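Colleague: Just need the structure, nothing else, for what follows:
(chains A and B)
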Number of protein chains: 2
Amino acid sequence: MARRRASEFFLACGRGRSALLGSFDFVSSPGLFYTHGKAVEQSSKHFSVLSRELDPSKCCFMPSYFGAIKRRRTLEMVNIGAFHHMLFSSVATNAKRNPAFSTINLDDVLHFKEILGHKNVIQDEDRLLAANVDWMRKYKGSSQLLLLPRNTEEVSKILKYCNSRCLAVVPQGGNTGLVGGSVPVYDEVIINLSAMDKIISLDKVNGILICEAGCILENLNSFLANEGYIMPLDLGAKGSCQIGGNISTNAGGLHFIRYGSLHGNILGLEVILADGTILDMLTTLRKDNTGYDLKHLFIGSEGTLGIITKIVVLTPCKLSSTNSAFLACSDYLSCQKLLAEAKQDLGEAISAFEFMDCNSVEMALTHIEGARNPLPASLYKFYVLIETTGADESYNRTKLEAFLLRSMEVGLISDGVIAQDLNQASSFWQIREGLSEATTKAGAVYKYDLSLPVDMLYSIVEEMRARLGNIAKVIGYGHLGDGNLHLNISTTHYDEKIQAQIEPFVYEWTAHHRGSISAEHGLGLMKAEKIHYSKSEETVKVMASIKKLLDPKGILNPYKVLPQSMLQS
Amino acid sequence: MARRRASEFFLACGRGRSALLGSFDFVSSPGLFYTHGKAVEQSSKHFSVLSRELDPSKCCFMPSYFGAIKRRRTLEMVNIGAFHHMLFSSVATNAKRNPAFSTINLDDVLHFKEILGHKNVIQDEDRLLAANVDWMRKYKGSSQLLLLPRNTEEVSKILKYCNSRCLAVVPQGGNTGLVGGSVPVYDEVIINLSAMDKIISLDKVNGILICEAGCILENLNSFLANEGYIMPLDLGAKGSCQIGGNISTNAGGLHFIRYGSLHGNILGLEVILADGTILDMLTTLRKDNTGYDLKHLFIGSEGTLGIITKIVVLTPCKLSSTNSAFLACSDYLSCQKLLAEAKQDLGEAISAFEFMDCNSVEMALTHIEGARNPLPASLYKFYVLIETTGADESYNRTKLEAFLLRSMEVGLISDGVIAQDLNQASSFWQIREGLSEATTKAGAVYKYDLSLPVDMLYSIVEEMRARLGNIAKVIGYGHLGDGNLHLNISTTHYDEKIQAQIEPFVYEWTAHHRGSISAEHGLGLMKAEKIHYSKSEETVKVMASIKKLLDPKGILNPYKVLPQSMLQS
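Modeller: The predicted structure is shown next:
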């Protein structure tokens, strides 16, 4: 029970390292987060142990983005200060509530309590508030009910009932999504998977992990590290995001360049369909060509076709040698050339190739506590964070050093530093991984996640900057090695006029250059109506027909991914 | 035109290196293949050049498995001898012809001639015979019509017409499949993609190749090699198999251990649905999370959901250093331990880890012309063929040598040899890649392609051997690194009594050990009714519902993959 309750608390927890602040007298009220007493932060790995010692009724979770608190640091007093009073984006209101959906009544609540027990049927206002609002505080639903199933059968029973009653649901993991996919739009029942966080098994010879969908990514990585393996994905939100959500959104992240797509790494899934049917596709085999490989339908469909409950993932070996270098380039062309040279010289050893423009780094340095520029204070225009991984420490280090030396000699790199130890590498990564958090702390942020041909990737940043002038700060960073730009437009508050300046321009520009309007974040609510910028009409029609086939009443995560007009007709 | 006609000829071409025998006066008659005059064999790469100089009416293609002829060798006289008079398996007759399907009439033929031109609507008996029979000569259909579309629009028009007329079709690539998936069961119209063999583009910076579905795998590899890339898959049939067929069957092959599944390597597809709808999913982006990733439905669905016409594939860099070692192990446990040690020591450098039992090697040495044992004549019980690939010749070679030395010291390897040059490496691979051909030359062969936990993988070979006694020769080989066994049962002729000894035992045994009854060959006709051994009832139901959704009349490759009872009800 302690384990289950503990997991609930992640609901209110933000992106990044999970922050647990416990043992205080106190309270959160909308608009102000505030704590007294002794508060303890733990890395996710230590979370469940600690939480058992706490009285959940006295705990409150502090979204980590409100305070960049060092891990394992004990705080006597934390006063995070005023909550950002942001307007919720108006995007959510464009979708009309589907009148076919029922509304929750007392009988429904009683039924759910029968299935889950009283404690796992949440109607508490504060906890509902946290689950109704997305991480960016851009999307806010009005769900009156949060359910915390503990196993596959409970998820199945919930969905079977909801389907029969035509109650819409939103599946929720760590609620770290960036496109409004993980929060209700109206009064959908929230089904949060946090209580399903068991590691079921690890095949130590082949690195095949089976776990429940609610496992936190960082916890899985910590577990695997002890066994000589790592997860094939890594992202800034690892301390809060759940593997089920990662798979539902086909998360990419920092190591995509090395380990590729989840479509290649996920061996099996257990998924619950809208009517409660349990689809057991939990194979642990590397090869299995018996019929259609249905699991791929659920990877990246953002919880609109089924709820993922269990996962089989092929995990790569943890290699003993990791080297990180923080580099400065004078222009974007040099970044591109450096990437091409790195691919040629370092090949498969590259495990990350991230780039940031100077505005990005400046924002990180301003808003992330403890972040500091590894290079001399004068700002360069572009920065590249490169990581190589291998089995042979001296060989890999020498190879990276030689590559960097050559690149500096030919002028591709203006300045640079190789991390001398893990702490220094962490400080490099703190800048890159903290960027998303930094933009949120700076105010309201319009986030776009674009796939573009590498040579065109930075042009949209420059064009957007010219277009918006002084009304917003435009920053560009991302996974250069994968052609994935994170275009962030930072303003003081959400404003329809600013949005009208950005959209549809950004989508039209991307479509014109044959890019994707969502490289890795998904479409969610934000871009459900924009799918035609990246997909043909015929393809979207087939998607809609599959949605109708698997979820005829449309109860699963409604208003997301596909245009409403195609589903409610 | 020469290009188009040239491609047709691959129809009659067998697995393995494509063999072109031209400029003879000549003949093939059922039961006897025979040629006179000057015959020239070419690698596939040189094929189109040569074929333009030939008069197609005077050409005949020699399935390469009838004679293991050295590449680029000029033969004055080739007398292949008597064709194996095998009984066709009775498996095909278990499926009843769907009475809803129309039969071809004169108007249909005229219509197809309007779409494709006269020369691409084939009714010639000899050519139909070759296209009606599978590579193992186990499955034989009775199609009266072979169509050779030259582009996407033609495929679309064909399907639109067939769908409206309720004419069943079988999509066909190189016809190298091993489960009867690529030949008609009854009178289905054969749509062969051979004429669609254009390479459309290669992004030389990112290694992203776009090509048509009819491209021969080996041709693609040859093209890429010149540009510094390779295809992410390699298999014995590379000289004849087409990339469209590879993707339709989700081919695994020899390099799966290094480059993983096609689900991870295919970036985009163009697919024609049963009603002729063209699904353009031809993205060249590494990341694109806009809606459901439909292309995965067509990877491995064996042409039952749509016909793949174009492909975008992410190709790995061609690494300069490749090392192969041919090793002998005294028992199966040593093979397993060697694999575990290799993974630990050599990690991602391993590009193949194949194993063969002594019966396999003996069969290869007996039936493959020019094959010879790289190790001293005394036969060991097991052989392992390991290949490593890397960017640094001396480093990689030293690493492999050190690994082999350690493995020999601890007794995991009894004997072994590292290839000193490409020729020697080719001679190692000739044994492994020729195995499938060797079993066919030896007589009739029952082929099973199983995924099993590595520790149980060889037990089924031993049990089958004990079960069958002297009536058949049981051999086991396969991709040990992927847990994929090719269990081959070689007999003089196909016989229902022998088959009854093998099946359902082999499927029950595999299901009992939580394996897959098809690791990489697919289900085709052979195992369509056996799917429940590896997939749950609920999962198969969803597959059937998707089949009905995308192909309501069931015209695409009928009787394959899914049980008929689920589709015709």
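Colleague: Indicate the residue of chain A located nearest to chain B.
Modeller: Using C-beta to the nearest C-beta, the single residue of chain A nearest to chain B is A:Gly264, 2.2 Å away. Yep, even glycine has a C-beta here, placed from its N, CA and C like the rest.
Colleague: which SS class is that residue?
Modeller: Per DSSP: H, G, I helix; E, B strand; the rest coil, the secondary structure class of A:Gly264 is helix.
Colleague: Quick check: it vs B:Gly260, distance?
Modeller: For A:Gly264, the distance to B:Gly260 equals 5 Å [C-beta to C-beta, to the nearest Å].
Colleague: right, is the longest helix along chain A up against chain B?
Modeller: Secondary structure of chain A per DSSP state H: the longest helix is helix A:393-409. Yes. Using C-beta under 8 Å from any C-beta of the partner chain, helix A:393-409 reaches chain B at A:Tyr395.
Colleague: Quick one: residues in contact with stretch A:485-494.
Modeller: A:86-90, A:138, A:360, A:363, A:435-436, A:439, A:442-452, A:457-458, A:460-461, A:464, A:468, A:471-478, A:498, A:502, A:506, A:519 (C-beta atoms under 8 Å, 6 or more residues apart in numbering or on different chains).
Colleague: Swap in 7 Å and give it another go.
Modeller: A:86-87, A:89, A:138, A:439, A:442-450, A:452, A:457, A:460-461, A:464, A:468, A:471-478, A:498, A:502 (C-beta atoms under 7 Å, 6 or more residues apart in numbering or on different chains).
Colleague: got it, and stretch A:477-484?
Modeller: With C-beta under 7 Å, 6+ apart as the test, stretch A:477-484 has contacts from A:252, A:256-257, A:335, A:339, A:350, A:353-357, A:360, A:435, A:451-454, A:457, A:485-486, A:519-520, B:285-287.
Colleague: For it, C-alpha coordinates in CSV please.
Modeller: Provided in CSV are the C-alpha atoms of stretch A:477-484 (Å, rounded to 0.1, in the frame of the first residue of the first chain):
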residue,chain,number,x,y,z
TYR,A,477,18.1,24.2,-29.7
GLY,A,478,17.6,20.5,-30.2
HIS,A,479,18.9,17.2,-31.4
LEU,A,480,20.9,18.3,-34.4
GLY,A,481,22.0,14.7,-35.1
ASP,A,482,18.3,13.8,-35.7
GLY,A,483,17.3,16.9,-37.6
ASN,A,484,15.1,17.9,-34.6
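Colleague: and it, what's its mean pLDDT?
Modeller: Stretch A:477-484 carries an average pLDDT of 94.
Colleague: Next: stretch A:224-232.
Modeller: Stretch A:224-232 carries an average pLDDT of 96.
Colleague: in that stretch, what counts as buried?
Modeller: Within stretch A:224-232, the residues scored as buried using 16 or more other C-beta atoms under 10 Å in any protein chain shown are A:224, A:229-232.
Colleague: Out of those, list just those in helices.
Modeller: Cross-referencing those against helices under DSSP H gives A:Leu224.
Colleague: re the thing from before, just name whatever secondary elements the longest helix of chain A is in contact with.
Modeller: On a contact count with 3 or more C-beta pairs under 7 Å, 6 or more residues apart in numbering or on different chains; DSSP states H and E, helix A:393-409 meets strand A:321-329, helix A:332-346, strand A:382-390, strand A:415-418.
Colleague: which of those is buried the deepest?
Modeller: Neighbour counts (mean count of other C-beta atoms under 10 Å in any protein chain shown) averaged over each of the helices and strands packed on helix A:393-409 peak at strand A:382-390, with a mean of 25.
Colleague: Show me what that one is packed up against.
Modeller: strand A:321-329, helix A:332-346, strand A:350-357, helix A:393-409.
Colleague: try 8 Å
Modeller: Using 3 or more C-beta pairs under 8 Å, 6 or more residues apart in numbering or on different chains; DSSP states H and E, the elements in contact with strand A:382-390 are strand A:321-329, helix A:332-346, strand A:350-357, helix A:358-367, helix A:393-409, helix A:422-433.
Colleague: tilt between the longest helix of chain A and strand A:350-357?
Modeller: On the basis of axes from the mean of the first three to the mean of the last three C-alpha atoms, to 10 degrees, helix A:393-409 is oriented at 30 degrees to strand A:350-357.
Colleague: So which bits of helix A:393-409 are buried?
Modeller: Neighbour counts over helix A:393-409 (16+ other C-beta under 10 Å) mark A:396-397, A:399-400, A:403-404, A:407 as buried.
Colleague: ok, now stretch A:460-475?
Modeller: Result for stretch A:460-475 [16+ other C-beta under 10 Å]: buried residues A:460-461, A:464-465, A:468, A:472-475.
Colleague: Share the number of residues neighbouring A:Leu379, please.
Modeller: Look at A:Leu379: counted by other C-beta atoms under 10 Å in any protein chain shown, it has 15 neighbours.
Colleague: so what's it up against?
Modeller: By C-beta under 8 Å, 6+ apart, the residues touching A:Leu379 are A:358, A:361-362, A:373.
Colleague: ok, it to A:Met464 distance?
Modeller: Relative to A:Met464, A:Leu379 is positioned 20 Å away (C-beta to C-beta).
Colleague: swap in A:Gly228?
Modeller: 44 Å.
Colleague: what do you get for A:Asn359?
Modeller: For A:Asn359, the distance to A:Met464 - C-beta to C-beta - is 12 Å.
Colleague: that's a helix at A:Glu270, yeah?
Modeller: No. A:Glu270 is assigned strand when assessed by three-state DSSP, not a helix.
Colleague: can you dump the C-alpha coordinates of stretch A:262-282 into PDB?
Modeller: Extracted in PDB, the C-alpha atoms of stretch A:262-282 (Å, rounded to 0.1, in the frame of the first residue of the first chain):
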ATOM      1  CA  LEU A 262      11.300   3.100 -29.800                       C
ATOM      2  CA  HIS A 263       9.700   1.200 -32.700                       C
ATOM      3  CA  GLY A 264      13.000  -0.600 -32.900                       C
ATOM      4  CA  ASN A 265      13.600  -1.100 -29.200                       C
ATOM      5  CA  ILE A 266      10.200  -2.100 -27.800                       C
ATOM      6  CA  LEU A 267       9.800  -5.800 -28.100                       C
ATOM      7  CA  GLY A 268       6.400  -6.200 -26.500                       C
ATOM      8  CA  LEU A 269       3.500  -4.400 -25.000                       C
ATOM      9  CA  GLU A 270       0.400  -5.100 -23.000                       C
ATOM     10  CA  VAL A 271      -2.400  -2.700 -24.000                       C
ATOM     11  CA  ILE A 272      -6.000  -2.300 -22.800                       C
ATOM     12  CA  LEU A 273      -8.400  -1.400 -25.600                       C
ATOM     13  CA  ALA A 274     -11.300   1.000 -25.100                       C
ATOM     14  CA  ASP A 275     -13.700  -1.800 -24.300                       C
ATOM     15  CA  GLY A 276     -11.500  -3.300 -21.700                       C
ATOM     16  CA  THR A 277     -10.000  -6.000 -23.900                       C
ATOM     17  CA  ILE A 278      -6.500  -6.900 -22.700                       C
ATOM     18  CA  LEU A 279      -4.100  -7.300 -25.700                       C
ATOM     19  CA  ASP A 280      -1.200  -9.400 -24.600                       C
ATOM     20  CA  MET A 281       1.600  -8.700 -27.000                       C
ATOM     21  CA  LEU A 282       4.200  -9.200 -24.300                       C
END
